[in-house]
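A.B. asks: I'll drop the sequence and a predicted model, then ask my questions.
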Amino acid sequence: MANPQKPPRLRIPGSRSGEEPYELVHPADTVGLGWRKVSAEEQEFKVTSWIARMEACIAWAANNGVRLGPGSDDPAWLLKATARRDYGTRPSWVDHPLCWVRGRQPAAITASPYSYEHHAPAIHQWLADKPGIGLAVGPGWYHNGVEQIVLWRRDVLGHQVAAADAGAEALNWLS
């Protein structure tokens, strides 16, 4: 059984201690969880889910040679020459975004819209005049029932990038 009081401290490349994206904060560190009021079995289940989601995200970053970096809520950030914090215009389909860099170049944005199907026309309209940007859709690691989209620069990451799938079991406790 995992020890919920001393959780493993997995870290996504590019994140600093205490600065993990809020979607990937350890369940015991989540505000308002009332960790001590949760049964040991539920604690173990939540920790196991968190580990699976973190491992999926870490493996995805390692497979693509990227790390979290300064970025933007605006997918146009991908079109810039170097990565830096930029507060652009956030389309409604960019929900829970994470910006990924390779070297100093913007490489990808991952997001978890609650309904890809609902937002697909707007996403494809945005992509229409950007042939250098790829799109992948798949199960994600943020929450049960949402899909992950990955927008990436083909000149930086190549032509094949997939979503980071933590598996359905890892997300069951979130529903």
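C.D. replies: Nice, thanks for sending it over.

A.B. asks: CA atoms for contacts and neighbours, from now on please.
C.D. replies: Noted.

A.B. asks: what sits against Glu117?
C.D. replies: Contacts for Glu117 (CA atoms under 8 Å, 6 or more residues apart in numbering) come out as none.

A.B. asks: can you confirm it is in a helix?
C.D. replies: Yes. Assessed by DSSP: H, G, I helix; E, B strand; the rest coil, Glu117 belongs to a helix.

A.B. asks: Could you check how far it is from Glu147?
C.D. replies: Computed with CA to CA, to the nearest Å, the distance linking Glu117 and Glu147 is 10 Å.

A.B. asks: Give me the secondary structure label for Pro121.
C.D. replies: Assignment for Pro121 (three-state DSSP): helix.

A.B. asks: That one: how many residues sit nearby?
C.D. replies: 11 (other CA atoms under 10 Å).

A.B. asks: Do I have it right that Gln148 meets Thr110?
C.D. replies: Yes. At 6.8 Å, Gln148 and Thr110 qualify as touching, with contact defined as CA atoms under 8 Å.

A.B. asks: the more surrounded of those two?
C.D. replies: Set side by side, Gln148 and Thr110 show more neighbours around Gln148, with 28 against 24, by other CA under 10 Å.

A.B. asks: which residues touch the closest residue to Ile12 other than its chain neighbours?
C.D. replies: Spatially, and ignoring its direct neighbours in sequence, Ile12 is nearest to Ile58 (5.3 Å; CA to CA, 6 or more residues apart in numbering). Going by CA under 8 Å, 6+ apart, Ile58 touches 11-13.

A.B. asks: Can you report how many residues lie near Val150?
C.D. replies: Neighbours around Val150, by other CA under 10 Å: 23.
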